[in-house]
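Trainee: Show me how the following folds:
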Amino acid sequence: DSHLKLATLEQEASHDALTGLLNHAYAQKRILAQMEESPTSQYALAILDLDHFKSANDTYGHSFGDQVLRHMAERLRFSIRGGDIAARVGGDEFLIFLEYNADLEPVIQRIYNAISGGKFDEFTISVSMGVATTEKVGSNYDTLFHAADQALYTVKRGGRGSYSFYDESMAATLSAISPIDGGDGGKGNATNEKEAE
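Mentor: This is a model prediction of the structure:
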């Protein structure tokens with residue numbers, strides 16, 4: 001019985017209660033461990049969110065919104081491979097972490113196509129996604145996350161409903177919009193603007 005209790009506690013500590021995906025803190029732990037284990041591998045971190053999710057909540061209510069998030073998590077689970085990591089970052093934001101050796105673009109394209117499009121009841125599933133690679137930005141987790149977030153932000157500003165790979169030009173764009181202040185890497189402004197949409 002104590003084994004079962006422990007397993008339940010571990011599940012609660014490591015997983016997001018609503019979607020059953022890993023939570024952000026635990027995903028980060030797993031990601032760091034994986035990068036440490038094989039530091040020469042190439043990795044990609046993708047951050048994605050649901051376009052117009054706020055309107056789904058406002059129009060159909062929060063329990064509908066929760067169903068959409070669960071549906072999204074399910075799609076994510078089916079779109080990734082065994083060794084990949086998927087997590088809910090919070091709200092309608094999710095992340096995917098994967099190792100790749102050949103061309104990354106078809107892999108991301110396949111995942112994106114698997115999770116975007118179609119409808120859940122009346123709500124059209126449209127996803128915006130930003131992708132950063134260790135090849136481009138190195139294997140510091142915060143840098144990777146921030147770069148993927150900047151790529152996502154670029155997609156949002158460009159009209160949503162697609163994905164983009166991070167490149168250096170985005171760092172310049174974003175810091176021009178939200179100067180880095182207060183140590184939050186300028187994320188504060190970007191997030192507020194995103195929520196206002």
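Trainee: which stretches of the protein have low pLDDT?
Mentor: Across the chain, the ranges flagged by pLDDT under 70 are 6, 9, 11, 172-197.
Trainee: Contact partners for residue 137?
Mentor: 143, 144, 147, 166 (CB atoms under 8 Å, 6 or more residues apart in numbering). The C-beta positions use only the backbone N, C-alpha and C, and glycine is treated the same way.
Trainee: Against residue 153, how distant is the residue nearest to it when sequence neighbours are not counted?
Mentor: Nearest residue to residue 137 in three dimensions, chain neighbours excluded: residue 147, at 4.7 Å (CB to CB, 6 or more residues apart in numbering). According to CB to CB, to the nearest Å, residue 147 and residue 153 sit 11 Å apart.
Trainee: Same question for residue 118.
Mentor: Distance, residue 118 to residue 153, using CB to CB: 25 Å.
Trainee: Repeat that for residue 67.
Mentor: Residue 67 is 27 Å from residue 153, where distance means CB to CB.
Trainee: first vs last residue of stretch 119-134, how far apart are they?
Mentor: In stretch 119-134, first residue to last residue: 34 Å (CA to CA, to the nearest Å).
Trainee: buried ones in it?
Mentor: For stretch 119-134, burial by neighbour count (16 or more other CB atoms under 10 Å) applies to 120, 123, 125, 127, 128, 129, 130, 131, 132, 133, 134.
Trainee: Show me the two of those residues that sit farthest apart.
Mentor: Maximum pairwise distance among these (CB to CB): 34.5 Å, between 123 and 134.
Trainee: Please report which of the contacts of residue 137 has the highest neighbour count.
Mentor: Counting neighbours by other CB atoms under 10 Å, the top entry in these is residue 147, with 27 neighbours.
Trainee: Could you look up the SS state of that residue?
Mentor: Using DSSP: H, G, I helix; E, B strand; the rest coil, the structure places residue 147 in helix.
Trainee: Surely it is in contact with residue 166?
Mentor: Yes: counting by CB atoms under 8 Å, residue 147 touches residue 166, with 4.2 Å between them.
Trainee: burial of residue 72, as a residue count?
Mentor: Neighbours of residue 72 under the rule other CB under 10 Å: 24.
Trainee: That one: helix or strand, and which one exactly?
Mentor: Element membership of residue 72, judged by DSSP states H and E, is helix 62-79.
Trainee: and that helix, how far from the chain's centre?
Mentor: 13 Å (CA atoms, centre = their mean, to the nearest Å).
Trainee: And it, what does it pack against?
Mentor: The contact analysis (3 or more CB pairs under 8 Å, 6 or more residues apart in numbering; DSSP states H and E) places helix 62-79 against strand 42-50, helix 53-60, strand 85-90, strand 93-100, helix 104-115, strand 119-120.
Trainee: Present those as a markdown table; the columns should include distance to residue 30.
Mentor: Listed next are those as a markdown table, based on distance: least, CB to CB, whole Å:
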| stretch | distance to residue 30 |
| --- | --- |
| strand 42-50 | 12 |
| helix 53-60 | 26 |
| strand 85-90 | 6 |
| strand 93-100 | 8 |
| helix 104-115 | 18 |
| strand 119-120 | 28 |
